[in-house]
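# 3D model of this:
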Amino acid sequence: LGCLGDGGAISTNSAATGKRLLSRRDGGRRGGQIAYLPGINSRLDEMQACYLRAFLPKLGEWNAMRRRVASLYEDGLRDCPGVRLLRTSEESVRHLFVIRAARRGRLRDWLSSKGIGTGIHYPAPLHLMPAFGEAGLRRGDLPHAERAVRDILSLPVYPYLSDASVAEVIGRVREF
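Below is the predicted model:
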């Protein structure tokens with residue numbers, strides 16, 4: 001359940017502890033998408049808590065709407081050359097709709113040129129992030145994970161995405 005931002009609370013009288021905790025609250029990241037320490041997503045302030053409280057009664061409806069959008073994508077892209085759909089569980093709320101694309105960079109640029117935003121969740125496999133360096137894994141040790149981060153592309157998905165907009169994305173992916 002998203003609000004209009006993120007939130008969390010940290011109180012300490014130690015600058016060093018504060019710096020360490022600030023990084024951990026954002027997944028161990030330092031302002032980018034790479035984790036340097038093991039962390040969590042914990043950035044909730046009072047204003048965001050107010051939005052969450054107001055949004056909570058809509059959660060079931062919004063989850064159903066995202067599942068419907070995902071279903072449209074799955075139907076429309078099931079046999080699309082160069083696109084591989086990911087399996088999910090029935091319980092998934094589909095907060096992201098991720099595909100694997102053979103020519104992800106080109107597809108992403110193509111969609112952008114048509115006014116369709118995409119995302120890359122996530123740009124590096126966990127075993128290559130500094131936060132997990134002590135595991136001793138190197139590039140090449142987990143080739144499937146490394147390949148996945150080169151292929152994955154998140155298509156637009158949110159509760160009020162219209163059928164026409166989903167059809168436009170599907171059409172543009174197929175056109176590419």
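# middle-most residue in this protein, spatially?
With distances taken as Cα atoms, centre = their mean, residue 121 lies nearest the centre of the chain, 4.2 Å away.
# any idea how far that one lies from residue 153?
As judged by Cβ to Cβ, to the nearest Å, residue 121 and residue 153 stand 9 Å apart. All C-beta atoms are positioned from the backbone trio N, CA, C, and that covers glycine.
# then residue 108?
Relative to residue 153, residue 108 is positioned 6 Å away (Cβ to Cβ).
# cool, and residue 164?
Separation of residue 164 from residue 153 (Cβ to Cβ): 21 Å.
# and the two? Which one has more around it.
Neighbours per residue (other Cβ atoms under 10 Å) separate residue 164 from residue 153, with residue 153 holding more: 20 against 7.
# how about residue 114: what's its closest non-neighbour residue?
Excluding the flanking residues, the one nearest residue 114 by Cβ to Cβ, 6 or more residues apart in numbering is residue 172, at 5.1 Å.
# for the helix or strand hosting that neighbour, list every residue counted as buried.
Secondary structure from DSSP states H and E places residue 172 in helix 163-175. Neighbour-count burial for helix 163-175 flags 166, 169, 170, 172, 173 (criterion: 16 or more other Cβ atoms under 10 Å).
# next one: stretch 99-118
99, 100, 101, 104, 107, 108, 110, 111, 116, 118.
# can you redo these as TSV with pLDDT, secondary structure and distance to residue 71?
Converted to TSV, the buried residues of stretch 99-118 look like this (pLDDT from 0 to 100; DSSP: H, G, I helix; E, B strand; the rest coil; distance: Cβ to Cβ, whole Å):
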residue	pLDDT	secondary structure	distance to residue 71
99	98	strand	14
100	97	strand	18
101	97	strand	20
104	97	helix	23
107	98	helix	21
108	98	helix	23
110	97	helix	24
111	98	helix	20
116	98	coil	19
118	98	coil	19
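# just put those residues in CSV and tack on distance to residue 17.
Putting the buried residues of stretch 99-118 into CSV (distance: Cβ to Cβ, whole Å) gives the following:
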residue, distance to residue 17
99, 41
100, 41
101, 42
104, 40
107, 44
108, 40
110, 47
111, 43
116, 43
118, 38
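# tilt between the helix ranked longest in the chain and helix 163-175?
If you go by DSSP state H, the chain has its longest helix at helix 59-77. Taking axes from the mean of the first three to the mean of the last three Cα atoms, to 10 degrees, one finds that helix 59-77 is oriented at 30 degrees with respect to helix 163-175.
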